[in-house]
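J.: Just the structure for this:
(one chain, ligands or ions: 2)
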Amino acid sequence: MDKKVVFSAIQPSGSLTIGNYLGALSNFADLQKDYQCIYCVADMHAITVQQKPADLRRRTLDLIALYVACGIDPEESLLYIQSQVPEHAELTWVLNTITSIGQLNRMTQFKDKSKKQKEVYAGLLNYPVLMVSDILLYQTSYVPVGEDQRQHIELTRDIAERFNTRYSPTFTVPEIMAPKVGARIMSLQNPAVKMSKSDADENAFILILDEPDVIRRKIKRAVTDSVGEVHYSDEQPGVKNLLDIYSSFKKIDPDEAEREFASAGYGELKECVAEAVVEGLSPVQEKYKEIRGDKKELERICRHGAERAHYMASKTLKKVYRKVGFVQF
Ligand code: ATP
Ligand code: LTN
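T.: Ligands and ions are numbered 1, 2, ... in the order given. Modelled structure (predicted):
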């Protein structure tokens, strides 16, 4: 029997944080043995907020290299750049015609991001419809993403079901696959908001490619509280976040981490968290350095991925065009 499809994408809108790593990237490689995995660099999503063209181009290739450094095998999985597969934009147009503006207005990511813009452009509102197309084009069963994307996956299910009902069964209705730990890593400076690569305060996040000393410094400065004891509790969100980071990198349960630090102070906790992060990221950083310099190989990977993605996506798009009544010769 054919393997079920796993699809996920990351935007090249900045350097990736350990939130992106623990909530998404670090889980992608393991899925390759049981699923047909498709991983995309969502550059079309990235331009929903203004990007410098040269930076976007560079970060797109950075992200391809990072996927490979995290263990994605570009021969086994499909690894490609979104804008190189035109079906994403084409399906988005069709799906826009059955998506309610009310529902798009209720997306929390849209509400958050639009607050930060002087002028809100249609692309930002339509962003989730492009994401729906990404997923539905490949008859995806599972979407591994962090908790912040749950609402977008619900929207994907709604739109798939609406299309299937209005026309006839066409799309697989996908499910979210969120990790048990690490699905929501919080800012080191304000544990009430998620860690985000676009945070203005550099101490709020740790980048996957941060040097060991930078990692140690940022964790030392992380906000904790005045309780003075290490508990895994919502009343101590800063400490809880550090335990989440520690247990995700160590691949243990947060309760086990809490027991480990039962008699520790915050200084000791922070040192151990920093070492766990440094150690966990070091193989990825090494591999990344090896691959990023090889432009020819990166280009080959992208071309090969886009060709295979286009082949799969065009099958779904043809079906959709036929069902909505477009003439096809
Ligand atoms: P931005 O922070 O710039 O708005 P983002 O990091 O949320 O962007 P992406 O780069 O597209 O957006 O996210 C890639 C993946 O990382 C998604 O699966 C998302 O759920 C996950 N992710 C992002 N931030 C976190 C976080 N703080 N904790 C866990 N997972 C996260
Ligand atoms: N919207 C996501 C990135 C993204 C995505 C996707 C994730 C774009 N297309 C398809 C999963 C499936 C984000 O901001 N994290």
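J.: Surely Met312 is in contact with His88?
T.: No - under the criterion of CB atoms under 8 Å, Met312 makes no contact with His88, lying 11.9 Å away. From N, CA and C alone the C-beta is placed, and that goes for glycine too.
J.: Those residues of this structure touching ligand 1, which are they?
T.: Selection of the chain residues close to ligand 1 by CB under 6 Å from any ligand atom yields 10-11, 13-14, 19-20, 22-24, 145-146, 148-149, 183-185, 194-198.
J.: buried stuff in stretch 248-266?
T.: Within stretch 248-266, the residues that qualify as buried by neighbour count (16 or more other CB atoms under 10 Å) are Ser248, Phe249, Lys250, Pro254, Ala257, Glu258, Glu260, Phe261, Tyr266.
J.: which of those lies closest to ligand 2?
T.: When the buried residues of stretch 248-266 are ranked by distance to ligand 2 (CB to the nearest ligand atom), Ser248 comes first, at 17.6 Å.
J.: ok so the closest one is a strand residue?
T.: No - secondary structure assignment places Ser248 outside any strand; it is helix (DSSP: H, G, I helix; E, B strand; the rest coil).
J.: Can you check the pLDDT for it?
T.: pLDDT, the model's per-residue confidence, is 95 for Ser248.
J.: Repeat that for the one 5 residues further on.
T.: The predicted local confidence for Asp253 comes out at a pLDDT of 94.
J.: my read: it touches Ser247, true?
T.: Yes - Asp253 is within contact range of Ser247, at 6.3 Å (criterion: CB under 8 Å).
J.: count of residues packed around whatever residue of the stretch 51-200 of the chain ends up closest to ligand 1?
T.: Shortest the stretch 51-200 of the chain-to-ligand 1 distance, computed as CB to the nearest ligand atom: residue-wise this is Gly146, at 2.6 Å. For Gly146, the tally of surrounding residues (other CB atoms under 10 Å) stands at 20.
J.: How much space separates it from ligand 2?
T.: Gly146 sits 7 Å away from ligand 2, taking CB to the nearest ligand atom, to the nearest Å as the criterion.
J.: ok so, going back, residues shared between the contacts of Met312 and His88?
T.: Common neighbours of Met312 and His88 (criterion: CB atoms under 8 Å, 6 or more residues apart in numbering): Leu137.
J.: Between the two, which has more neighbouring residues?
T.: Neighbours of Met312 and His88, each counted by other CB under 10 Å, are more numerous for His88; the result is 23 against 18.
J.: A strand includes the more buried one, no?
T.: No - secondary structure assignment places His88 outside any strand; it is helix (three-state DSSP).
J.: Settle this for me: it is touching Ser314, isn't it.
T.: No - no contact is recorded between His88 and Ser314 when judged using CB under 8 Å, the distance being 11.4 Å.
J.: ok so, going back, now that we have the residues of the chain next to ligand 1, which of them are buried?
T.: Buried subset of the residues of the chain next to ligand 1 (neighbour count, 16+ other CB under 10 Å): 10-11, 13-14, 19-20, 22-24, 145-146, 148-149, 183-185, 194-197.
J.: Against Asp148, how distant is the residue of the chain found nearest ligand 1?
T.: In the chain, the residue found nearest to ligand 1 is Gly23; the distance is 1.9 Å by CB to the nearest ligand atom. Counting by CB to CB, to the nearest Å, the gap between Gly23 and Asp148 amounts to 8 Å.
J.: what do the two both touch?
T.: Taking CB under 8 Å, 6+ apart as the contact criterion, the residues that touch both Gly23 and Asp148 are Arg184.
J.: circling back: does the residue of the chain closest to ligand 1 count as helix, strand or coil?
T.: If you use three-state DSSP, then Gly23 falls in the helix class.
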